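K.L.:
sequence first, then the predicted structure:
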Amino acid sequence: MEQFLQQVASGLANGAIYACVALALVMIYVSTDHINFAQGEMAMFSTYISWQLMSWGISFWIAFILAVVLSFILGVVIERVILRPLHNAPVLSIVVVFIGLLAIFNSVAGAIWSYLIKEYPSPFPKSSFGIAGVIGPHQLGVVLVTLIVLGLLFAFFRYTPLGLAMRAAAQNPQMARLVGVRVDWMLALGWGLAAAVGAVAGIMVAHIVYLDPNMMAGILLYAFAGALVGGIGNPGGAVLGGFIVGVLENMVAFAGNQIEKTTGIYIIGNGEKLTVALIIVIFVLTVRPAGIFGRVVVKRV
Amino acid sequence: MTASTKKWLWLVLALAFLVPLLRPVLPDLVSDYRLFLVSTMMIAGIAVLGLNLLTGFNGQISLGHGAFYAVGAYTAAVLMDHLDMPYWLTLPCAAIVCFIVGYLFGLPALKLEGHYLALATFALALAVPQILKYKWLEGLTGGVQGIVLNKPEVPFGLPLTEDQWLYYYILIVMVLLYWAAANMLNSRSGRAMMAIRDYTIAAGTMGIDTSLYKTVTFGISAAYTGIAGALSASAIAFVAPDSFNIFLSIKFLIGLVVGGIGSLVGSVVGGIFYVLVDNSAQALSTFAKNDLGLQFDLSAYTVFGILLIVLMYLMPMGIVGGVYYLVQGLRSSMRSPEAKAQAARKQHATR
């Protein structure tokens, strides 16, 4: 039983990370209908920036804030410079550009910081923190930090005029423009926020998966799965989907282990995590593309 | 295809067949290493051709063709390793297996469009190395270690080196596959494929079975890429799960984009291109370090990434398409004034 609780807890910690990346994906999807395949690599790059700042002697939390701010600027710049001219381009062109961004971030990070796996510190105190035996201090810290970030974002979108303008720009760009919202800048801001949230996820997960240029590949896949489960057009749903997928991932591995222990037959384990995500992605896409909370969009021909 | 491009194709083909025979005369120029490099380029060309059949001619985006390449390579490797099958017999087997896998993946893909299909295939590409390491398959696939194979031997006592024979073997396969693809595209089925790409609903109203065509195209495309994988398994004589990662699929994509989406010649050019950049990455990196004063290594993927983005802006038709239109434009502007006047008169008369 204790093992089971442990698995649920670590699933929630992973789920918090997936929720952040899923939210970043949804923020871009809602406003531009694009799926950002480079989201994971952008988060990885931000994490490297924070690592670099720390190695220059800056303390963790200041490096954290600086990296998040830098990622925000990077996100805005990418939207303004690279994606703006492609607003009406065919889907294939946009997908290709995202894949190009992915390749650039991955290879540049590898070139600057090498492909060697690096340790990444945890900012949370080792003891007197967390619930002994069930959840470790870092995992609890991750959940707390991501919940704070998600809460801030919620408050931003719900209670500030700028948040309202951004929601308006995403929902109905033409009408928003008519009432004086600068839609183009709102899209860029959305990109910046997505990059910043991704950076938080990357920095929080780096202690668990270690720092290397390919660290986000699996996380991105799970974030996709989470976003799809919750509904890729629904921010709240995506966050919940991230948590669901995080717990599910650990449950599947746990069940696989139990089956192997009792019957001796290996079916599924930690080695198949990405395969599980693939199955979730394809299953949701084919059975219920709108996700649990999404609305079914009817297209006019 | 115009007569003049056909002439060029024949010329290139003749050169491709004759040049390796110059080896005794020019041993430095036609070295075994170079032949091997060209062989890998041709393999890449076949793989990109497969992707182009799906994305370029049928309009279905795939970021996961590395998966079918892996299936082809592993089918060939397992057959050679466990059943001692001759290398040339593995090609049809890999094609059949990949066709089935591609067809099956095409079924859920029917419900997906644009971004969603890209997402599903992207997920597939990410998961491939893990699937290949699956414990139950370890007996067949050799797990993380992969499978070590033998290089194809020269048959009939032909006076060729191993690499020369490999070159001819791959060249013949590529020419056959290219010919088949060109014929298929120039037929009723090919036109149906392209009609689906251009306007699926209209194609459906004209009586084309869109689901059937889409899934079968997925299968054929996977079979092409799978054959390329099988060829690479016997050329490199080694398969391992981690070489079939997401970046393999990205390489196919760069081949597709550089060569030109929806161009057969372009596919081969694209394949040649990415192998070339991949292989000259070291030289490129030293060039960037010494001559451009860059502080760090430049990897091939940085070049790929920048090219992907820049090409989407400047030449969405790819390099082959871009050059083609450039030449066409030049020709029409260089036409003599008399011919132009004549053409104008003709137009006037028919009106």
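P.N.:
Happy to help now that I have it. Keep in mind it's a predicted model, so treat the numbers as computed, not measured.
K.L.:
now do the same for the closest residue to A:L240 other than its chain neighbours: its pLDDT.
P.N.:
With C-beta to C-beta, 6 or more residues apart in numbering or on different chains as the criterion, A:L240 has its nearest non-adjacent residue at 5.2 Å, and that residue is A:G230. C-beta: built from backbone N, CA, C; applies to glycine. A:G230 carries a pLDDT value of 84.
K.L.:
tell me which residues touch A:G230, please.
P.N.:
With contact set as C-beta atoms under 8 Å, 6 or more residues apart in numbering or on different chains, A:G230 has these partners: A:22, A:236-242, A:244, A:291-294.
K.L.:
hmm, 7 Å instead?
P.N.:
By C-beta atoms under 7 Å, 6 or more residues apart in numbering or on different chains, the contact set of A:G230 is A:G237, A:A238, A:V239, A:L240, A:G241, A:G291, A:I292, A:F293.
K.L.:
so which of these is the most crowded?
P.N.:
Neighbour counts for the contacts of A:G230, by other C-beta atoms under 10 Å in any protein chain shown, peak at A:G241, which reaches 34 neighbours.
K.L.:
which helix or strand contains A:F293?
P.N.:
Here A:F293 is covered by no helix or strand, with elements defined by DSSP states H and E.
K.L.:
state the distance from it to chain B.
P.N.:
Noted for A:F293: a distance of 17 Å to chain B, by C-beta to the nearest C-beta, to the nearest Å.
K.L.:
which one is that residue nearest to, not counting chain neighbours?
P.N.:
The shortest distance from A:F293 to any residue that is not its chain neighbour, by C-beta to C-beta, 6+ apart, is 3.4 Å, and that residue is A:G237.
K.L.:
state the distance from that neighbour to A:A16.
P.N.:
Using C-beta to C-beta, to the nearest Å, A:G237 is found at 16 Å from A:A16.
K.L.:
which residues does the residue of chain A most remote from its centre contact?
P.N.:
In chain A, the residue that sits farthest from the middle, by C-alpha atoms, centre = their mean, is A:T263; the gap is 36.7 Å. In this structure, A:T263 makes contact with no residue, judged by C-beta under 7 Å, 6+ apart.
K.L.:
so what's it scoring on pLDDT?
P.N.:
On pLDDT, A:T263 comes in at 77.
K.L.:
residues in contact with whatever helix or strand B:A73 lives in?
P.N.:
When elements are assigned from DSSP H and E, B:A73 belongs to helix B:65-83. In this structure, residues lying in contact with helix B:65-83 by C-beta under 7 Å, 6+ apart are B:47, B:50-51, B:85, B:87, B:90, B:93-94, B:97-98, B:101-102, B:124-125, B:128, B:132, B:140-141, B:147, B:149, B:222, B:225-230, B:232-234, B:239, B:244, B:248-249, B:252.
K.L.:
wait, what's in contact with A:P125?
P.N.:
For A:P125, the residues meeting the contact criterion (C-beta under 7 Å, 6+ apart) are A:P137.
K.L.:
redo that, cut-off 10 Å
P.N.:
With contacts defined as C-beta atoms under 10 Å, 6 or more residues apart in numbering or on different chains, A:P125 is in contact with A:P137, A:H138, A:G141.
K.L.:
just to revisit the earlier point, which helix or strand contains the residue nearest to A:F293?
P.N.:
Using DSSP H and E, A:G237 sits in helix A:235-263.
K.L.:
now the helix or strand that that helix is followed by and helix B:65-83, what's the angle there?
P.N.:
Of the helices and strands lying after helix A:235-263 in sequence (DSSP H and E), the nearest is helix A:273-287. Comparing the axes of helix A:273-287 and helix B:65-83 via axes from the mean of the first three to the mean of the last three C-alpha atoms, to 10 degrees yields an angle of 120 degrees.
K.L.:
now helix A:273-287: average pLDDT?
P.N.:
Throughout helix A:273-287, pLDDT has a mean value of 83.
K.L.:
cool, stretch A:55-74 as well?
P.N.:
Confidence for stretch A:55-74, expressed as mean pLDDT, is 91.
K.L.:
now stretch B:30-45
P.N.:
The predicted model assigns stretch B:30-45 a mean pLDDT of 86.
K.L.:
tell me which residues in it are buried?
P.N.:
Residues of stretch B:30-45 classed as buried by neighbour count (16 or more other C-beta atoms under 10 Å in any protein chain shown): B:30, B:32, B:34-45.
K.L.:
closest to B:Q282 among these?
P.N.:
Each of those was scored against B:Q282 by C-beta to C-beta, and B:L37 proved nearest at 13.8 Å.
K.L.:
now that closest one: how far from B:D163?
P.N.:
When B:L37 is compared with B:D163 (using C-beta to C-beta), they lie 10 Å apart.
K.L.:
how many residues are close by B:A288?
P.N.:
B:A288 has 18 neighbouring residues, counting by other C-beta under 10 Å.
K.L.:
in terms of helices and strands, where is it?
P.N.:
Under the criterion DSSP H and E, the helix or strand holding B:A288 is helix B:281-290.
K.L.:
other SSEs contacting whichever helix in chain A runs longest?
P.N.:
For chain A, the helix that runs over the most residues, judged by DSSP state H, is helix A:2-32. Contacting helix A:2-32 under the criterion 3 or more C-beta pairs under 10 Å, 6 or more residues apart in numbering or on different chains; DSSP states H and E are the following elements: helix A:39-55, helix A:60-78, helix A:137-159, helix A:161-171, helix A:183-209, helix A:217-230, helix A:235-263.
K.L.:
please repeat the previous calculation with a cut-off of 7 Å.
P.N.:
In this structure, helix A:2-32 packs against helix A:39-55, helix A:137-159, helix A:161-171, helix A:183-209, helix A:217-230, helix A:235-263, with contacts taken as 3 or more C-beta pairs under 7 Å, 6 or more residues apart in numbering or on different chains; DSSP states H and E.
K.L.:
next, the angle helix A:273-287 makes with the last one.
P.N.:
Orientation of helix A:235-263 against helix A:273-287 (the same axes, to 10 degrees) gives an angle of 130 degrees.
K.L.:
list the buried residues of helix A:235-263.
P.N.:
Of the residues in helix A:235-263, A:235, A:237-250, A:252-254, A:256-257 count as buried by neighbour count, 16+ other C-beta under 10 Å.
K.L.:
related to what we said a few turns ago, in strands only, show me the buried residues of stretch B:30-45.
P.N.:
Judged by DSSP state E, those include no members of strands.
K.L.:
of these, which belong to helices?
P.N.:
Within the buried residues of stretch B:30-45, membership in helices is found for B:32, B:34-45, as judged by DSSP H.
K.L.:
chain A contacts on the stretch 151-300 of chain B?
P.N.:
Listed as neighbours of chain A in the stretch 151-300 of chain B under the rule C-beta under 7 Å from any C-beta of the partner chain: B:I201, B:I246, B:I250, B:L253, B:V257, B:I261, B:F296, B:D297, B:L298, B:S299.
K.L.:
sticking with the fifth one, tell me its helix or strand.
P.N.:
Assigned by DSSP H and E, B:V257 belongs to helix B:246-259.
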